[in-house]
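Asks: One predicted model, sequence on top.
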Amino acid sequence: MPDKFKSLRGQLLLDGGMLHGSFFHRTVILVCQHDEDGAFGLVLNKPANSKVEESMGRELPESLWEEPLLIGGPVQSEALSYLHTDQFILEANVIPGLHLGHSIKGLIELGESFSPTRKVRVFAGYSGWTGGQLEEEMKRKAWLTHPASLELVFERDPAQLWQQILRLKGWKYELLAQSPEDLSRN
């Protein structure tokens with residue numbers, strides 16, 4: 001009897017130590033959409049080492065220029081995605097209080113509005129899986145899961161996010177969190 005489908009939307013996927021040498025080595029991915037046809041996610045801890053203004057030009061409002069650009073994944077590096085939260089958010093399509101958008105028009109509107117509680121993350125590219133692909137990777141234990149939260153999505157130091165979440169998961173994962181980037185140096 002086939003397993004009943006369970007959506008991972010709103011979960012974080014963490015490299016469980018099996019993805020060394022791949023794009024996904026030590027990544028943390030927010031699963032934004034997941035159904036039987038496939039999954040869509042954004043890597044939260046791969047900065048592009050540029051600001052939104054440098055990558056997208058000045059067509060965006062000045063309030064977004066200094067936002068760091070993140071690499072959402074290896075698929076369609078020119079594709080735009082953004083996550084945002086606000087105390088007054090009306091739409092939330094990922095987790096409570098967190099909205100995923102893709103349109104430049106929506107990002108411009110977001111940048112033109114003022115809210116002291118607004119937080120935004122802008123991504124180039126995304127991570128995607130065809131139907132059943134993510135489920136197979138989960139069976140092979142390529143990924144660990146952890147519930148997403150606004151605090152983790154908007155972590156100030158994305159470079160430390162993978163280790164930080166592993167430590168939150170408990171002592172079993174402490175060794176993985178402390179392992180060197182290059183295992184040949186161990």
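Replies: Arrived safely. Numbering: from 1, shown residues only.
Asks: neighbours around Ile95, how many?
Replies: Neighbours of Ile95 under the rule other CB atoms under 10 Å: 21. (Glycine included, C-beta is placed from N, CA and C.)
Asks: my bad, should have said Ser115
Replies: Residues near Ser115, counting by other CB under 10 Å: 13.
Asks: Please tell me how far the nearest residue to it once chain neighbours are set aside sits from Thr117.
Replies: Once flanking residues are discounted, Ser115 sits nearest to Asp86: 5.1 Å by CB to CB, 6 or more residues apart in numbering. Distance of Asp86 to Thr117, computed by CB to CB, to the nearest Å: 5 Å.
Asks: more neighbours, the two?
Replies: Asp86 (17 against 9).
Asks: how close does that one sit to Phe23?
Replies: 31 Å.
Asks: go on, Lys46?
Replies: For Lys46 relative to Phe23 (CB to CB), the value is 8 Å.
Asks: higher neighbour count, these two?
Replies: In terms of neighbours (other CB under 10 Å), Lys46 is the more surrounded of Lys46 and Phe23; the figures are 23 against 14.
Asks: Is it correct that the more buried one is in contact with Thr27?
Replies: Yes - counting by CB atoms under 8 Å, Thr27 is a contact partner of Lys46 at 6.5 Å.
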